[in-house]
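A.B. asks: the following comprises the amino acid sequence and a computationally predicted model.
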Amino acid sequence: GAASQEEQSPETPDSPSSISSFFSGSGSKQLPQAIIIGVKKGGTRALLEFLRVHPDVRAVGAEPHFFDRSYDKGLAWYRDLMPRTLEGQITMEKTPSYFVTHEAPARISAMSKDTKLIVVVRDPVTRAISDYTQ
């Protein structure tokens, strides 16, 4: 009857068991919806760390360098690098060198025309000094 229909209804995304299922390793690995690119010493790491504070942003820790160095490994390999996400969360990655890789834009577009590129730029003199002092 009515009680059995209630028991079978799907859980809402905000229910506690959805959160606990996320922490227990469920969710799925998605290709990124946004990629941060830019120049060396331009602030891409800082931007990613600030965005990761938001609970709906999930990001790869290390730079995957898929579209410049590992493209031949295929999209399945790339997807496997991504963190698990729940519905409504955004998957991101950061590899600044895509900014200067000639093939990267076409490769990203071939993966998904909806992927957003977030480009970080910085005053060239300040950036050069930062790079030099490091």
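C.D. replies: Structure received. Numbering: from 1, shown residues only.
A.B. asks: only C-alpha atoms from now on, for both contacts and neighbour counts.
C.D. replies: OK.
A.B. asks: helix, strand or coil for His54?
C.D. replies: Judged by DSSP: H, G, I helix; E, B strand; the rest coil, the three-state class of His54 is coil.
A.B. asks: that one: neighbouring residues, count only.
C.D. replies: When neighbours are defined as other CA atoms under 10 Å, His54 has 10 of them.
A.B. asks: list the buried ones in stretch 112-129?
C.D. replies: Neighbour counts over stretch 112-129 (16 or more other CA atoms under 10 Å) mark Thr115, Leu117, Val120, Arg127 as buried.
A.B. asks: give the helix, strand or coil label for the second one.
C.D. replies: Same thing as Leu117. What three-state DSSP gives for Leu117 is strand.
A.B. asks: confidence score at the nearest residue to it once chain neighbours are set aside?
C.D. replies: Distances taken as CA to CA, 6 or more residues apart in numbering put Ile35 closest to Leu117, at 5.0 Å, once the chain neighbours are dropped. Ile35 is assigned 98 on the pLDDT scale.
A.B. asks: and the one 5 residues further on, by the same measure?
C.D. replies: Among the per-residue scores, Lys40 holds a pLDDT of 81.
A.B. asks: what's the closest non-adjacent residue to it?
C.D. replies: Using CA to CA, 6+ apart, the nearest residue to Lys40 is Pro96, at 6.7 Å.
A.B. asks: now Ile35: phi and psi?
C.D. replies: phi -130, psi 130 (degrees, to the nearest 10).
A.B. asks: residues contacting it?
C.D. replies: Neighbour list for Ile35: Met92, Glu93, Lys94, Thr95, Thr115, Lys116, Leu117, Ile118 [criterion: CA atoms under 8 Å, 6 or more residues apart in numbering].
A.B. asks: alright, calling it a day.
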